[in-house]
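S.K.: Can you look at this prediction? I've put the sequence above it.
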Amino acid sequence: MIDFLTLIQVLDGTLRLATPLLLVCLAGLFSERAGIFDIGLEGKLLAAAFVSAAFAAITGSVWLGLLAGVLASILLSLLHGLASITLRGDQIISGVAINFLAAGLTVVIAQDLFGQGGRTPPLKSGGRFEPLNFPWSISSKEMSDAGPLMQLYSELLSGHSLLVYLALLTVPLSWFVLYKTRFGLRLRAVGENPAAVDTAGISVVGLRYGAVVIGGILCGIAGAYIATSLQANFTKDMSAGRGFIALAALIFAKWRPWYALGACLLFGFFFAVDNRFQNILMPAWALSSFLIFISLVLLSYVWKKDYLDKVVLGGLALGIAIISLMVISSVWTSGISSQVKIPVVFIQSLPYVLTVVVLAGFVGRAIPPKAGGQPYVKER
Amino acid sequence: MDIMPKWVDIVVVPLFSLFLAAFLAALLILAIGESPVAALNLMIEGTLLRSAGWGYMLYYTTNFIFTGLAVSVAFHAALFNIGGEGQAMIGGLGVALVCLFIPWPHWTLAIMGASIGAALFGMIWAGLPAYLQAKRGSHIVITTIMFNFIAAGVLIFFVVDVLKPTGSMDPASANFPPSTHLPTFQDIASLMGFEKAFRSAPANVSFFIALFACVAIWYLIWRSPLGYEIRALGKSGAAARYAGVRPVKIIMIAMMISGALCGMMAINTTQGESERLILNFTEGAGFIGIAVALMGRSHPAGVFLAALLFGFLYQGGAELALWTKIPREMIVVIQALVILFTGALSLMVRAPLERFFMSIKRADV
């Protein structure tokens, strides 16, 4: 069994890794709640990471870095706004373009400025967000001798960068803005029924630009966090799909701020587990019975459904059953209770699988904002 | 009535978008301190003036034809298949299983088997999101993105934990048996007596399969009842449903064709080039398919030309990275600009052209 300190360390990692997800997820939340799909979160995150790392490296000030990163992210948001709000283009395509633009430009500019193969130089102190140590907290050297409460306080609660606490604060803030202010009500309305908002004499275009810019600011902070706090420089493609995971978390959270916190912590936990442990071991009987259980649930679901359901979900059930048989046969000689290794890639894929399950609506159906993805055309 | 003549829509708008993208890219190259003209010369020299350059360009083109066709078939049904990357990865897995575990006597049979394997695997991988869209109403863009990441996990699992030969440190499967080797352009040229042509270039016979796919997709979309139903559903779901088109069936079929095409990209990369299953063999071709389909206006002829252009850009970009300070990622920037101008900002590109033709028309009257 793992001890208490290991658990605390994993949770500490969870908080660190969930922070960028949370900020980007809330960025997506504002944008999508206003009816603008944002596939370009990843690109904004990456652009902000680069610009903040580059500015912090040149000026030596992390705050200037943060500011520049946020500005870069807002700029891309405005481009998305121009394409999808003003010019009523396809929001998905615009997002895809922004992702590529960020992926290409960051490396081209980094190579030109620093000549280190698309990286920025490592940041010295002052160029990074330092961990905030709470009063009476102990250093990691003394950690193993301390009591559990002290470990909890010093490892999990204390010692994160300012942006981690800021990210946690944005959750109640977003909730307040969306549900308790006039702006929030209008923003949510514009994502459900823009025509009604327009009829009430409120600018749909203005609201949507507002939402997109808020998203830009949040993505910018997230980008600055990964480049100046989580890491100490920018590296090529360092956002590593976080923008898409945040999108998954957003769906998992059904477009709600508090749920978003839960989803991001859960996904952050998967990554922390994945970072900490090389392989997850599980008794063979437990794994195979779990798989057979899923397969049976699927079969019972399709029993009275039509042909297509039977082929697709039945095929899926069959596939899962075959995997469980393979698990059993692999431990045939050493006994059913022996341990099997679950490859880490499955832990890494778990956020995506869970999101697909939620999207499919078999468990807790996620219903997106009604007007999402459609440009608003004023009636004449 | 259309404001612009049809040829403007088909030829001038994409070229104008390309020109805008190229102009911005040239500015960026200037800002880096290189000469855009010299860069273009270098790209042409390294690509079009050497047979090996052609060999690399057509290798990339083959990939982009497959993924571009895949995205455009889905576009016709008003579906956005952003999951080409994942479908190609799983297609590669299909190719590897077929090539490794079936003893093929000759490459002609092997390529047929591998095509079926690749298409089948890609089809299944696109079929699940299609099913979720058709029956459960889950947004296909999101599900295909998720399936890209899941596919990457599946590929890593198979390469590292299943297919990697014991004792090997390299994350790759065993080499395919020699009987599955596809003739490259170099092999074909030396058969015809030109030993020096296409030296060590990866282009191979799957290029001709890609050309055949262009014709087949053209026939399917514009000449077959199924293609008519796909286009009808894409143009207006309500009208198509009223005319008796079954949306569930058409969404499934369109996406599965799309997935099969993406999967077939792997016969070029996996059977043709690497001759073993490696990680990252897709190199983003699934996403480039989006740019190719947009640029080619979802028509197979347009897709072919756009795929040639992107093949040129990729090979030329590699040359630039080799000889100048311009990194390969410059091509990604150009690709982004093409997607932006042909897709998201198309209204901005078209507006001045429309105004221009309006004024001509008025002058005529």
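M.R.: Perfect, I can see it now.

S.K.: which parts of the stretch 1-150 of chain B sit against chain A?
M.R.: B:28, B:31-33, B:80, B:82, B:127-128, B:131-132, B:134-139, B:141-143, B:145-147, B:149-150 (C-beta under 8 Å from any C-beta of the partner chain). C-beta: built from backbone N, CA, C; applies to glycine.

S.K.: I'd like to know which of these are buried.
M.R.: Among those, those buried by neighbour count (16 or more other C-beta atoms under 10 Å in any protein chain shown) are B:28, B:32, B:80, B:82, B:127-128, B:131-132, B:134-135, B:138-139, B:141-143, B:145-147, B:149-150.

S.K.: Which members of those are positioned in helices?
M.R.: Residues of these located in helices (DSSP state H): B:28, B:32, B:127-128, B:131-132, B:134-135, B:141-143, B:145-147, B:149-150.

S.K.: Quick check: the farthest pair among the residues you listed?
M.R.: B:Ile32 and B:Lys135 (50.3 Å; C-beta to C-beta).

S.K.: and the residue nearest the centre of chain A, what pLDDT?
M.R.: Central residue of chain A (C-alpha atoms, centre = their mean): A:Ala246, 2.3 Å from the mean position. If you check A:Ala246, the pLDDT there is 92.

S.K.: Skip the chain neighbours and tell me the closest residue to residue 113.
M.R.: Defaulting to chain A. What sits nearest to A:Leu113 in space, not counting adjacent residues and going by C-beta to C-beta, 6 or more residues apart in numbering or on different chains, is A:Ala54, at 6.4 Å.

S.K.: if you could check chain B rather than the one you did, that'd help
M.R.: Closest to B:Gly113 by C-beta to C-beta, 6+ apart is B:Val98, at 4.9 Å.

S.K.: before we move on, which element is that neighbour in?
M.R.: helix B:84-101 (DSSP states H and E).

S.K.: Tell me which other helices or strands that helix touches.
M.R.: When contacts are defined as 3 or more C-beta pairs under 8 Å, 6 or more residues apart in numbering or on different chains; DSSP states H and E, helix B:84-101 packs onto helix B:51-76, helix B:107-136, helix B:140-156, helix B:247-266, helix B:285-295.

S.K.: Close to chain B: what parts of the stretch 251-380 of chain A are there?
M.R.: So far as C-beta under 8 Å from any C-beta goes, the stretch 251-380 of chain A lies against chain B at A:251, A:308-309, A:312, A:316, A:343, A:345-346, A:348-349, A:352-353, A:355-356, A:359-361, A:368.

S.K.: A:Val340 should be in a strand, yeah?
M.R.: Yes. Per DSSP: H, G, I helix; E, B strand; the rest coil, A:Val340 lies within a strand segment.

S.K.: and it, how many residues sit next to it?
M.R.: The number of residues packed near A:Val340 is 19, by other C-beta atoms under 10 Å in any protein chain shown.

S.K.: for the nearest residue in space to it that is not next to it in sequence, phi and psi?
M.R.: Of all residues not flanking A:Val340 in the chain, A:Ala284 sits nearest, at 4.8 Å (C-beta to C-beta, 6+ apart). Main-chain dihedrals, A:Ala284, degrees, to the nearest 10: phi -60, psi -40.

S.K.: any idea how far A:Ala284 lies from A:Leu325?
M.R.: Between A:Ala284 and A:Leu325 the computed distance is 11 Å (C-beta to C-beta, to the nearest Å).
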